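Visitor: Compute the structure for the input listed below.
(one chain, ligands or ions: 2)
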Amino acid sequence: MTRIVHLGLGSFHRAHQAVYTAAAGGDWSITGVAHRSRRVVDALRAQQLHYTVLTVDGERVEVEPVDVLDDALVAADEPDTVVARIADPATTVVTLTITEAGYTADGAMLALLRDGLARRRGAPITVISCDNLADNGGVLRGLLPGLDGVAFPSTMVDRIVPRTTDEHVRLAREAGFEDAVPVPAEPFRQWVLQPQFASAHPDWARAGVTLTDDVAAWEAVKVRLLNGTHSLLAYLGLLRGHELIADAIDDVVIRRAADALGDEYQATLRVPAGLDVTAYRAQLRRRFGNRALGHRTEQVGSDGSLKLVQRIPAPVRWHLDRGSVPPLLALSVAAFLRCRTPGVELAGSPGDPRAAEIAALIGRAHDERELARTAVTRLFGELGPSFADRVGDLLRALRTGGTDDAVAEALGTVRT
Ligand SMILES: NC(=O)c1ccc[n+]([C@@H]2O[C@H](COP(=O)([O-])OP(=O)(O)OC[C@H]3O[C@@H](n4cnc5c(N)ncnc54)[C@H](O)[C@@H]3O)[C@@H](O)[C@H]2O)c1
Ligand SMILES: O=P(O)(O)OC[C@@H](O)[C@@H](O)[C@H](O)[C@H](O)CO
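Guide: Ligands and ions are numbered 1, 2, ... in the order given. Have a look, this model is predicted:
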């Protein structure tokens, strides 16, 4: 048996890397490790580690069992077992989906990973970040310096996987599966992986994974056009009373803004060989519109201070370097700040680790331009006054005229 240890046993891993690994064949199994919560781990143990993936395509739902886990652990409760499992010579791959919040030098999961890797004493292993971070392999390598025998390939991962609801449990039961933790997912899935392996790994190419050294181009396309647009849909959606991403993309005001934001992002991209970006964007609109999937604006809009830093500053700098201030990128930031403003009515309650700090900035500022200059620098580093002032002006429009006015103002300034 050859083993993968996966850190971050949430929904996404179970509908993405686990599905690809099962499809790759061979003698591979996965030990899944959750951070603190016992909920998924206890449920999986109670059902012998089997679970189902519900592929939701409009009104069609396909239920498939997945049987690839060999154990499920909670890092906070069983840290020594996690370290031993990473150190075990039978483990040759570690994958991670620990959310943007997990990538700090003092992060608990990374500390266990560091200990486990150190105990291998140079025995080769491949460690693969599958989080939505630019240059995720490079970021992880930077946080785990000085280790011998470890490869950190970069990846682009894609499949829209919302939170599980009681309705998904019911649908699994209807199909004959008693599963307390089924995972809903869209039909689309993609994994682009840099073929830098130090060790044995599943034949993922056989399962449809694209192996290429040009992950950076794919990753920028996905993080900007999909995740960046998702953020705007979430914040404008929350402000306009939409609980679902599908309702947000169906709202003509938001859709116009999302399309124009797509143009701003597209201009910044180096399109990878083989990608038709027009078709990709059309497909994205359909994916966002998958209403039965039930993807919530609240989920996509949570942790914005951690997510937007992956989606905003690099493309903003691209535009500023060419002499233009991108209004829809500015609107994305303004809508985020408006959602964090105490007292503003929203169609959900997206959390954020910096909520208190941002609310304090909002409370102290005399006007929107002052707020935007401070907030933009705190969130993204120095981007210069022209972008921050555009954010401030759109934030004022959001307060005085609402989302209709703010979108009109941003669209009115789009360069054609
Ligand atoms: N859900 C999607 O559609 C999707 C798609 C592509 C990529 N991803 C990536 O996967 C990540 C997880 O998504 P999910 O849907 O599985 O979420 P989830 O909430 O179901 O699971 C999150 C997992 O991360 C762990 N975690 C949370 N905070 C952590 C921290 N500070 N340190 C270490 N571990 C922590 C949790 O224990 C849990 O196992 C996303 O943040 C994103 O980077 C998700
Ligand atoms: O996963 P996050 O929290 O980084 O971002 C929220 C969504 O944009 C994201 O989960 C997408 O659904 C996903 O990246 C699609 O592959």
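Visitor: contacts and neighbour counts: CA atoms only from here.
Guide: Will do.
Visitor: Which pLDDT value goes with Ala273?
Guide: Ala273 carries a pLDDT score of 89 in this model.
Visitor: what about it, distance to ligand 2?
Guide: In this view, Ala273 and ligand 2 are 20 Å apart by C-alpha to the nearest ligand atom, to the nearest Å.
Visitor: Report the contact partners of Gln48.
Guide: With contacts defined as C-alpha atoms under 8 Å, 6 or more residues apart in numbering, Gln48 has no neighbours.
Visitor: Going by residue numbers, what spans are strands in the stretch 151-300 of the chain?
Guide: Secondary structure of the stretch 151-300 of the chain (DSSP state E, counting those that start in this stretch): strands at 155-158, 183-185, 190-193, 210-211.
Visitor: For these, could you give me a markdown table that also reports mean pLDDT?
Guide: Shown next, in a markdown table, are these (pLDDT from 0 to 100):
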| stretch | mean pLDDT |
| --- | --- |
| strand 155-158 | 98 |
| strand 183-185 | 98 |
| strand 190-193 | 98 |
| strand 210-211 | 97 |
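Visitor: Out of these, which is the most enclosed?
Guide: strand 183-185 (a mean of 29; mean count of other C-alpha atoms under 10 Å).
Visitor: Given that strand, what are its sheet partners and their directions?
Guide: strand 51-57 (parallel) (DSSP bridges).
Visitor: And the contacts of the strand it pairs with?
Guide: Contacts of strand 51-57 (C-alpha under 8 Å, 6+ apart): 14-15, 44, 61-67, 168, 172, 177, 179, 181-187, 290, 292-293.
Visitor: Ligand 2 contacts on the stretch 201-350 of the chain?
Guide: 227, 230, 300 (C-alpha under 6 Å from any ligand atom).
Visitor: Any figure for the gap between Val277 and Val183?
Guide: Applying C-alpha to C-alpha, to the nearest Å, the value for Val277 to Val183 is 29 Å.
Visitor: ditto for Val309
Guide: For Val309, the distance to Val183 - C-alpha to C-alpha - is 28 Å.
Visitor: Arg141 now?
Guide: From Arg141 to Val183 the distance is 30 Å (C-alpha to C-alpha).
Visitor: ok, now Leu238?
Guide: 24 Å.
Visitor: I figured Ala406 hits Gly392, correct?
Guide: No: checked against C-alpha atoms under 8 Å, the pair Ala406 and Gly392 is beyond contact range at 11.0 Å.
Visitor: Neighbour count: those two, which is higher?
Guide: Gly392 (26 against 23; other C-alpha atoms under 10 Å).
Visitor: Let me know the secondary structure of the more buried one.
Guide: Following DSSP: H, G, I helix; E, B strand; the rest coil, we place Gly392 in the helix state.
Visitor: What about Gly241? Give its phi and psi, please.
Guide: phi 80, psi 20 (degrees, to the nearest 10).
Visitor: no, scratch that, I was asking about Val61
Guide: phi -130, psi 130.
Visitor: Burial check on it, number of neighbours?
Guide: 21.
Visitor: What of Gly412?
Guide: Neighbours of Gly412 (other C-alpha under 10 Å): 10.
Visitor: before we move on, what about Val94?
Guide: Counted with other C-alpha under 10 Å, Val94 comes out at 22.
Visitor: need the contact list for it.
Guide: Val94 neighbours (C-alpha under 8 Å, 6+ apart): 4-7, 86, 125-128.
Visitor: quick one: the helices in the stretch 151-300 of the chain?
Guide: 166-174, 215-221, 229-239, 245-250, 252-267, 277-288, 297-301 (DSSP state H, counting those that start in this stretch).
Visitor: Just name the most buried of these.
Guide: Among these, highest average neighbours (mean count of other C-alpha under 10 Å) belong to helix 229-239, with a mean of 28.
Visitor: That helix relative to helix 277-288, how many degrees between them?
Guide: 40 degrees (axes from the mean of the first three to the mean of the last three C-alpha atoms, to 10 degrees).
Visitor: Report the buried residues of stretch 331-345.
Guide: 331-341 (16 or more other C-alpha atoms under 10 Å).
Visitor: need these in JSON lines with secondary structure, can you?
Guide: Listed next are the buried residues of stretch 331-345 as JSON lines, based on three-state DSSP:
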{"residue": "Leu331", "secondary structure": "helix"}
{"residue": "Ser332", "secondary structure": "helix"}
{"residue": "Val333", "secondary structure": "helix"}
{"residue": "Ala334", "secondary structure": "helix"}
{"residue": "Ala335", "secondary structure": "helix"}
{"residue": "Phe336", "secondary structure": "helix"}
{"residue": "Leu337", "secondary structure": "helix"}
{"residue": "Arg338", "secondary structure": "helix"}
{"residue": "Cys339", "secondary structure": "helix"}
{"residue": "Arg340", "secondary structure": "coil"}
{"residue": "Thr341", "secondary structure": "coil"}
